[in-house]
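**Student:** dropping a prediction and its sequence here:
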Amino acid sequence: MKSDPKSLTPHEIVRELDRYIVGQHAAKRAVAIALRNRWRRQQVPGELRAEISPSNIILVGPTGVGKTEIARRLARLAGAPFVKVEASKFTEVGYVGRDVESMVRDLMEISIQLVREEFRELHAPKARERASERLLDLLFPPPPRRAPRDPDADDGEERARREESRDKLRVRLRNGDLDSREVEIEVTAKRGGTIDIFSSAGLEQMGVNLQDMVGGGKKTRRKVSVAEARVLLEEEELEALLDQDKIVAEARERAESSGIIFIDEIDKIVAASSKQGPDVSREGVQRDLLPVVEGSSVSTKHGVIKTDHVLFVAAGAFHGTTPSDLIPELQGRFPIRVELTSLGADDFVRILQEPENALLKQYVAMLASDGVELVFTSDAVLELADVACRANESAEDIGARRLQTVLSALLEPFLFDIPDSFEGKRLEITADLVHERLDRVLQDEDLRQYIL
């Protein structure tokens, strides 16, 4: 299905999310409605469009139940700029550390990368054609300019021969017959990177390009193969075709109208009533966060970005606290609250097998690269899910992330021995093997030593 929010109804969005995330239907419905509402707002005529604010969402649930994955998949589905930040990394204004506005700067940078890649794909055929012509000029140089001849002289036959030879060479070049031949080309040295400078908002990467201060990149001549020259020339032609001003303008519009900022661990900036001490004010971080979420103008090195229509999705486990402990103003900016449920053995069985990026599929694909067929029997899958559940009950509940640690503990000797000392082309994982490898781990008092 094409990742175009204009063509996706809420039902279609949920079906797409189901391909990667098991359960959590309430959260999927909420984000599907939020995504569709963004497209609906774009269709509203007149001044009313600017008055329609996004319905920000706060996802509440234990770790490892899919909060981050829902937001990430939603952004990929929409082709929207997406940035994930951790609220615990921010500090109140006046303290050394990241300020909350840096998330908007990060969103703009990601939006530029997204738009730039799209422009590169759009102009790639033309850049490839230009690079081929430049290669042809190197392999079959045009004739030197000669003094004027008798106007009655006819050079048509000579030009025809040259064009015929050039066409034959073009075919050989396209087929790769000339890739090993050496040519001398002139390339532009890459521009310098960025430097960090101090601003009133703290240490921010303002991206000062030193080469822009002193002029363009230096031209150098190199002897390379035709295959390498093709890559260098295509890249150079592609850069020449890209309009940086258009890229920035499109990226700014996309960040402002369809950007998604996922604020994880928002519960970490909620101070419990018993919290005492000189720690950086958590409520102060919330107050700094409020204007960004509410809608403000943030200065970036690419211009001012307005956050009025950026979709904010927050998430947290809220152990010992609740979303109601956030300051009232910030609560009001997250009107949609969705509770995510803990995962059980049945969910783990589905997570292991059903999603397109399921863990079992990943391990099967990795061992296939070593020429080994990895097979999990149905009873082994059930046992793995049961082990993960019991491990979560005995130690910290880390949700579906436990499956990765359980599988790592189970397959560790095979992953080490393959392909050096493993005999055979088929490895079958059964319930008995799961018992043999993991029962000892579950019975050990210090479970974290083996699984976490």
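**Tutor:** Good, I have the coordinates.

**Student:** when you work out contacts or count neighbours from here on, use the C-alpha atoms and nothing else.
**Tutor:** Will do.

**Student:** could you list the residues in contact with stretch 72-81?
**Tutor:** Residues outside stretch 72-81 that contact it (C-alpha atoms under 8 Å, 6 or more residues apart in numbering): 3-5, 13, 16-17, 31-32, 35, 82, 107-108, 110-111, 114, 254-255, 258-260.

**Student:** what stretches of the stretch 201-350 of the chain score poorly on pLDDT?
**Tutor:** 201-217, 271-281 (pLDDT under 70).

**Student:** hmm, back to that, let's see which of the contacts of stretch 72-81 end up in strands.
**Tutor:** Those of the contacts of stretch 72-81 mapping onto strands are 82, 260, per DSSP state E.

**Student:** any of the contacts of stretch 72-81 buried? List them.
**Tutor:** Of the members of those, the ones counted as buried by neighbours, 16 or more other C-alpha atoms under 10 Å, are 3, 5, 13, 16-17, 31-32, 35, 82, 107-108, 110-111, 114, 254-255, 258-260.

**Student:** can you list the domains in this protein?
**Tutor:** 5-108+252-339, 112-143+158-249, 345-451 (automatic domain parsing).

**Student:** winner for burial among those?
**Tutor:** Highest mean neighbour count of the domains of the chain: domain 5-108+252-339, a mean of 18 (counted as mean count of other C-alpha atoms under 10 Å).

**Student:** the longest helix anywhere in the chain: what's the following helix or strand?
**Tutor:** For the chain, the longest helix by residue count, based on DSSP state H, is helix 102-139. The helix or strand immediately downstream of helix 102-139 is helix 156-175, counting by DSSP states H and E.

**Student:** who does that next one touch, helix- and strand-wise?
**Tutor:** Packing partners of helix 156-175 (3 or more C-alpha pairs under 8 Å, 6 or more residues apart in numbering; DSSP states H and E): helix 102-139.

**Student:** check which helix or strand covers residue 263.
**Tutor:** Per DSSP H and E: strand 260-264 holds residue 263.

**Student:** walk me through which strands that strand pairs with, and which way each runs.
**Tutor:** According to DSSP bridges, strand 260-264 has the following sheet partners: strand 82-86 (parallel), strand 311-316 (parallel).

**Student:** could you dump these into CSV with distance to residue 232 added?
**Tutor:** Formatted as CSV, those follow (distance: least, C-alpha to C-alpha, whole Å):
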stretch, distance to residue 232
strand 82-86, 31
strand 311-316, 39
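
**Student:** closest to residue 268 out of those?
**Tutor:** Residue 268 lies closest to strand 311-316 among those, at 7.9 Å (C-alpha to C-alpha).

**Student:** in PDB, list the C-alpha atoms belonging to the helix or strand following that closest one.
**Tutor:** As assigned by DSSP H and E, the chain's next helix or strand after strand 311-316 is helix 328-332. What follows is helix 328-332, C-alpha atoms only, in PDB (Å, rounded to 0.1, in the frame of the first residue of the first chain):
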ATOM      1  CA  PRO A 328      -2.700  21.300  34.200                       C
ATOM      2  CA  GLU A 329      -1.700  23.500  31.200                       C
ATOM      3  CA  LEU A 330       0.400  20.600  29.700                       C
ATOM      4  CA  GLN A 331      -2.400  18.100  30.400                       C
ATOM      5  CA  GLY A 332      -4.700  20.300  28.300                       C
END
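
**Student:** which helices and strands does helix 328-332 pack with?
**Tutor:** If contacts are counted by 3+ C-alpha pairs under 8 Å, 6+ apart, helix 328-332 sits against helix 282-294.

**Student:** which strands or helices does the helix it packs on pack on?
**Tutor:** helix 328-332.

**Student:** need the next SSE after the helix it packs on, C-terminal direction.
**Tutor:** That would be, after helix 328-332 and using DSSP H and E, strand 336-339.

**Student:** strand partners of that following strand, parallel vs antiparallel please.
**Tutor:** strand 57-60 (parallel).

**Student:** got a list of contacts for the strand it pairs with?
**Tutor:** Residues contacting strand 57-60 (C-alpha under 8 Å, 6+ apart): 27, 30-31, 67, 312-318, 334-340.

**Student:** just the element for residue 402, please.
**Tutor:** Per DSSP H and E: residue 402 is located in helix 401-417.

**Student:** next one: that helix to chain centre, how far?
**Tutor:** Centroid separation for helix 401-417 versus its chain: 26 Å, with C-alpha atoms, centre = their mean, to the nearest Å.

**Student:** neighbouring strands - and their directions - for the very next helix or strand once past it?
**Tutor:** With elements assigned by DSSP H and E, the helix or strand that comes after helix 401-417 is strand 426-429. Strand pairing for strand 426-429, using DSSP bridges, gives strand 373-376 (parallel).

**Student:** quick check: mean pLDDT of the partner strand?
**Tutor:** The average pLDDT for strand 373-376 rounds to 89.

**Student:** could you point out which element follows it?
**Tutor:** On the C-terminal side of strand 373-376, the closest following helix or strand by DSSP H and E is helix 378-394.

**Student:** show residues contacting that following helix.
**Tutor:** Counting by C-alpha under 8 Å, 6+ apart, 344-346, 348-349, 352, 397-399, 402-403, 406-407, 429-432, 434-435, 438, 442, 447 sit against helix 378-394.

**Student:** likewise stretch 118-133?
**Tutor:** 170, 173, 230, 233, 234, 235, 237, 238, 241, 242, 247.

**Student:** one more time with 7 Å, if that's ok
**Tutor:** 230, 233, 234, 237, 238, 241 (C-alpha atoms under 7 Å, 6 or more residues apart in numbering).

**Student:** turn those into a markdown table, including distance to residue 357.
**Tutor:** As requested, the contacts of stretch 118-133 are exported to a markdown table (distance: C-alpha to C-alpha, whole Å):
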| residue | distance to residue 357 |
| --- | --- |
| 230 | 35 |
| 233 | 37 |
| 234 | 34 |
| 237 | 37 |
| 238 | 33 |
| 241 | 37 |
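
**Student:** tell me the one of these nearest residue 419?
**Tutor:** For those, the nearest to residue 419 is residue 230 (37.8 Å; C-alpha to C-alpha).

**Student:** what sits closest to that closest one if chain neighbours are left out?
**Tutor:** Counting by C-alpha to C-alpha, 6 or more residues apart in numbering, the nearest residue to residue 230 once its immediate chain neighbours are dropped is residue 131, at 6.4 Å.

**Student:** how near is that neighbour to residue 137?
**Tutor:** 10 Å (C-alpha to C-alpha, to the nearest Å).

**Student:** if we can go back for a sec, who's in contact with the strand holding residue 263?
**Tutor:** Counting by C-alpha under 7 Å, 6+ apart, 71, 75, 81-87, 310-316 sit against strand 260-264.
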